[in-house]
Every structure is written in C-alpha cells, then in structure tokens.
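>>> take a look and give me a structure for this.
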Amino acid sequence: MTLIHRSNSTKFYFFICSILLCISCNKDITYLDAQGHRGARGLFPENTIEGFRRTIDLGISTLELDIVITKDHIPIVYHDFYINPHLCLDTNGDSIDSKNSSLIYDNTLKEIKKYDCGSLNPNINRFPEPPRINIPGEKIPTLYEVFDLITEYPNRNIWLNIEIKFNPEKKLTAPINIFVNEVIKVVNTYNSTNNVNIQSFDWKILEIVKSIDSTILTAGLLDYSTVKSLNDSIPSPWLNGIHFENTGGTSLSILNEAKRYIDIFSPNWKLIMPNNAIYLGNSVTELQNNGYTVIPWTINRTDIMLQLIEEKVDGIITDYPDSLLFLMNKMNIHLKKN
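Got it, this is the predicted structure:
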C-alpha cells in the first residue's frame with residue numbers, strides 16, 4: 001500500500017510530522033468513521049464501481065458518493081451536473097471538448113453509459129495528481145449498481161454516505177421532489193435505510209428526505225460559500241430559509257433551526273477549527289453536546305487529520321483513506337461500528 005502518494009516535498013514533510021505527532025498526541029476517541037471521498041478520489045477513478053471496490057478493500061467503513069439524475073430519472077453516481085472533460089473520455093476514447101460538455105439531465109442512462117470515466121484526460125494536468133491510477137473502460141454507475149457491489153461484502157456492513165447534488169440557484173436537474181423520491185426508491189429497493197445517510201448542501205433536500213422517511217439519517221453539508229445570507233432580509237438559498245446572521249451567526253444557531261431534519265453536521269473542516277479564519281464559533285464538542293454527529297470534509301493532509309482527531313470528530317472524509325487508516329492503526333483507533 002502506497003502511503004506517500006503526494007508528489008512534492010511539502011506534502012512529504014506534513015506526512016512525516018504527522019507520524020511523529022501521532023506517537024505522542026492526546027487522543028480520547030476509540031472509534032472513527034473513515035470515509036472514502038467519491039471512493040478514494042486521490043487513488044482510483046472517482047465514483048466508479050472498480051474504484052469503490054478497491055476502496056472497500058482498503059478497509060474503510062463508509063463510501064461517500066454523489067448522485068445526479070438522468071433524463072429518464074435514473075439516479076447515477078457522478079459529482080458534476082455536466083460530463084467533466086477532466087475525468088472522462090468520449091464514446092470513442094477521445095478527449096472531450098469542454099465547450100461541448102453535455103448536461104447529465106439531458107441524457108438518458110443509455111447515453112451516459114457510453115463515456116469512459118476511468119481514464120483521466122491526458123491533455124489536462126490537474127488533481128488528482130499521480131499516483132491516481134487509470135482503470136480504462138469504467139462507466140458511470142447507477143446507484144443500483146453501488147448497492148449491488150455492497151452485497152458482495154455481506155460481513156462488512158459498509159455504510160453509504162449519499163450526497164444528492166442539487167443547485168437551488170440554477171435549473172440543472174430534475175425537480176427536487178422527483179429527484180429525492182427516486183433516490184429513496186433505490187434505498188428502499190435494497191432495504192438499506194439502516195446503513196445509509198443522505199447528505200446535501202441544499203438543506204431543503206434533507207427536509208424532504210425526512211418527510212418521506214424519518215428513519216433515514218441526514219447530513220447537512222456546509223461551506224463558507226453556502227452559509228452567508230444574500231443580505232439582511234434574504235437568507236442563503238442553500239439553507240432552506242434559515243438566515244445565518246439573524247439566527248446568531250454560528251454553526252450551532254443554524255443547525256438548531258434545522259434540528260428536526262438534520263442529524264449529522266458535515267462542514268468544510270475549517271469551519272470547526274477554532275484557530276481558523278472562517279471558524280463559525282462552535283467547537284466539535286459543543287456541536288456533539290447538542291446532539292449532532294460531526295464529520296468534516298475533505299481532509300487530505302495527515303497533520304490536519306490529526307488535529308481533527310484531537311478535536312474528537314466522529315468521522316473524516318478524505319481522498320486518501322489509506323493515509324487515514326494508517327494513522328488510525330498507529331493510534332489504535334478502530335473503525336466506527338456501523
């Protein structure tokens with residue numbers, strides 16, 4: 001297993017410092033939810049079946065994945081609203097012109113399945129940097145296919161953290177109620193309400209989920225760009241009518257407004273770090289004491305992983321779950337009991 005997979009000396013330095021720190025750090029947690037972001041985006045083709053399989057084989061507890069929906073209303077596992085020319089090749093195995101990138105919702109599942117999303121565009125140099133491997137021929141999977149994959153691991157109880165991608169500011173996909181219902185229909189097909197949670201940056205999605213099935217756990221995603229109100233009277237379109245500044249201007253103040261439909265708080269990690277410039281005023285412990293599970297995203301530096309473990313987060317979402325699992329092993333921290 002390759003642990004030092006960052007290509008420059010700075011990242012290597014952070015890794016070595018983290019190993020030294022973990023020998024002496026003061027950790028008070030026994031279990032941690034190790035979540036692979038889009039599978040293991042830094043190691044394997046993101047949001048693909050083979051990428052997920054290899055991530056499960058690393059030993060994670062949870063697969064984090066993204067859901068968009070096709071023209072024929074099939075939930076598929078993909079991060080973007082358009083076919084991403086950085087991450088996929090066209091039906092002939094050629095690079096996709098970014099000017100001609102196709103909107104997912106304009107395509108049927110049959111049309112979507114023609115793309116090769118296991119091979120990075122060789123003409124574009126961007127994250128994920130090597131050693132992310134190509135797995136040529138990997139197609140965009142349906143959510144049904146991911147559940148089928150999970151059934152191959154009957155003794156593992158793999159959890160799925162399913163993000164519904166919806167932009168309340170632009171019309172890019174199916175109507176919100178149709179979209180949510182189609183996702184929950186898949187979950188119910190596999191009787192899997194006890195090993196999934198549904199997350200979204202659009203908190204209206206989470207309210208709809210709870211109105212359909214109150215037993216499904218929900219996670220409120222938050223970034224600095226989605227929390228700020230438009231002005232004194234108009235809240236952020238992402239927070240389901242909650243006005244950040246008028247409710248108190250902290251993470252806990254908005255969460256408590258959404259308490260009936262949010263179980264898990266999943267912020268940009270900087271929002272819960274007291275010494276960070278965009279800290280939102282509540283520590284991990286305060287949030288947990290108010291009933292919220294805290295699972296930040298996306299943490300790729302091992303020194304930051306250690307800081308968050310010190311803060312006693314409940315889980316960590318990362319593009320490099322192998323590094324997180326390595327640290328957990330050194331610190332005698334076990335995978336979350338699902």
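
>>> helix, strand or coil for Glu64?
strand (DSSP: H, G, I helix; E, B strand; the rest coil).

>>> host element of the residue nearest to it when sequence neighbours are not counted?
Using Cβ to Cβ, 6 or more residues apart in numbering and skipping residues adjacent in sequence, the residue nearest Glu64 is Asn161, 4.3 Å away. Just so you know, the C-beta spots here come from the backbone N, C-alpha and C atoms, and that holds for glycine as well. Element membership for Asn161, per DSSP states H and E: strand 159-164.

>>> who are the packing partners of that strand?
Here strand 159-164 touches strand 62-69, helix 143-150, helix 176-189, strand 196-200, going by 3 or more Cβ pairs under 8 Å, 6 or more residues apart in numbering; DSSP states H and E.

>>> that one relative to strand 62-69, how many degrees between them?
30 degrees (axes from the mean of the first three to the mean of the last three Cα atoms, to 10 degrees).

>>> pLDDT on strand 159-164, on average?
Regarding strand 159-164, the rounded mean pLDDT is 98.

>>> got a list of what Ile49 touches?
Counting by Cβ atoms under 8 Å, 6 or more residues apart in numbering, Ile49 touches 138, 141, 145-146, 149.

>>> oh sorry, the question was meant for Gly137
Contacts of Gly137 by Cβ under 8 Å, 6+ apart are 116, 118-119.

>>> circling back: narrow the contacts of Ile49 to those that are buried.
138, 141, 146, 149 (16 or more other Cβ atoms under 10 Å).

>>> where's the residue nearest to the third one when sequence neighbours are not counted relative to Met305, distance?
In other words, Val146. With sequence-adjacent residues excluded and distances taken as Cβ to Cβ, 6+ apart, Val146 is closest to Val77, at 6.0 Å. Noted for Val77: a distance of 25 Å to Met305, by Cβ to Cβ, to the nearest Å.

>>> what do you get for Pro136?
Taking Cβ to Cβ, one finds Pro136 at 31 Å from Met305.

>>> Asn256: neighbouring residues, count only.
17 (other Cβ atoms under 10 Å).

>>> contacts only, for the spatially most central residue of the chain.
Centroid-nearest residue in the chain, with Cα atoms, centre = their mean: Glu64, separated by 4.5 Å. Counting by Cβ under 8 Å, 6+ apart, Glu64 touches 35-38, 161, 163, 297, 317.

>>> how about a cut-off of 7 Å?
Residues counted as contacts of Glu64 (Cβ atoms under 7 Å, 6 or more residues apart in numbering) are 35-38, 161, 317.

>>> reformat these into a markdown table and put neighbour count and distance to Tyr292 next to each item.
Formatted as a markdown table, those follow (neighbours: other Cβ atoms under 10 Å; distance: Cβ to Cβ, whole Å):
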| residue | neighbour count | distance to Tyr292 |
| --- | --- | --- |
| Gln35 | 25 | 16 |
| Gly36 | 33 | 22 |
| His37 | 26 | 20 |
| Arg38 | 26 | 24 |
| Asn161 | 25 | 15 |
| Ile317 | 24 | 16 |
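
>>> tell me which of those is nearest to Asn100?
Distance to Asn100 across those (Cβ to Cβ) is lowest for Arg38, with 24.1 Å.

>>> test my guess that that closest one contacts Pro45.
No: applying Cβ atoms under 7 Å, one finds Arg38 not in contact with Pro45, separated by 9.1 Å.
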